[in-house]
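Colleague: Build me a structure from this.
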Amino acid sequence: MTIKTAEFIKSSGRWQDCPEAVLPEYAFIGRSNVGKSSLINAMLNHKDLAKTSQTPGKTQLINHFIINEAWYLTDLPGYGYARVSKSMRKDFEKLINNYILNRKNLVNLFVLVDVRHTPQKIDLEFIEWCGENGVPFSIVFTKADKLKPNAVLANVEDYKKELLKTWEDLPEIYITSAEKKEGGDAILKFIAETNAFLENNKVNFQ
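Modeller: Residues are numbered from 1 along each chain as shown. Predicted structure coming up:
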């Protein structure tokens, strides 16, 4: 997929305030220090489209972008270790859960996982929650440039083994590096193919 246009649309504090659900939507989520904004910028070849920060938990709203005037990319608040109060963390959780479960045009959720670490409880629990709620999702490993290739593959295999304890089949898995701009093309190819399928089958989200 060639990115011709990528524009910020709006930030929303409630899922009900998100843009009208008329286009296919793909959301990105992960722990608050997983490199989500950097990956989005690298994938779309826009340096500052999604706001990056050295402070985990910078994204506190649902941020919508329209790509090629054909589909929405959604940058969701991170879960986990953001330096915020417990009450604010619960608000984030409510915001995220309501968005994921109620957004009719959400086609796929990309769950970002830092490939440098062994399987983390918080990531496994979130993935389990997606499965329990029938949420279509893919797993995106980030920061692959921070490890040697063999170590990356070994850590991905560790995650697969852990997930297969409770899953019969695994979702699509992508290995990415925002720094080296690797893996984003595979994600965009998946989105392009999915959009073509939806268009061919005249899927209406209303």
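Colleague: C-terminal to the host helix or strand of Val113, what's the next element?
Modeller: Assessed by DSSP states H and E, Val113 sits inside strand 106-114. Going down the chain from strand 106-114, the next helix or strand is helix 121-132, by DSSP H and E.
Colleague: tilt between that following helix and strand 106-114?
Modeller: 160 degrees (axes from the mean of the first three to the mean of the last three CA atoms, to 10 degrees).
Colleague: For helix 121-132, which helices and strands make contact with it?
Modeller: When contacts are defined as 3 or more CB pairs under 8 Å, 6 or more residues apart in numbering; DSSP states H and E, helix 121-132 packs onto strand 106-114, strand 137-142, helix 149-163. Any C-beta I mention is one placed from the backbone N, CA and C, and that applies to glycine too.
Colleague: Counting by contacts, list what the helix or strand just after the longest one packs against.
Modeller: Past helix 149-163, heading to the C-terminal end, the next element that is a helix or strand (DSSP H and E) is strand 173-175. Counting contacts by 3+ CB pairs under 8 Å, 6+ apart, strand 173-175 is packed against strand 137-142, helix 149-163.
Colleague: most centrally placed residue in this structure?
Modeller: In the chain, the centroid-proximal residue (CA atoms, centre = their mean) is Phe28; its distance is 1.8 Å.
Colleague: Contacts only, for the nearest residue to it once chain neighbours are set aside.
Modeller: Nearest-residue entry for Phe28: Phe110, 4.8 Å, with adjacent residues in sequence omitted and distances by CB to CB, 6 or more residues apart in numbering. Counting by CB atoms under 8 Å, 6 or more residues apart in numbering, Phe110 touches Tyr26, Ala27, Phe28, Ile29, Phe137, Ser138, Ile139, Val140, Tyr174, Ile187.
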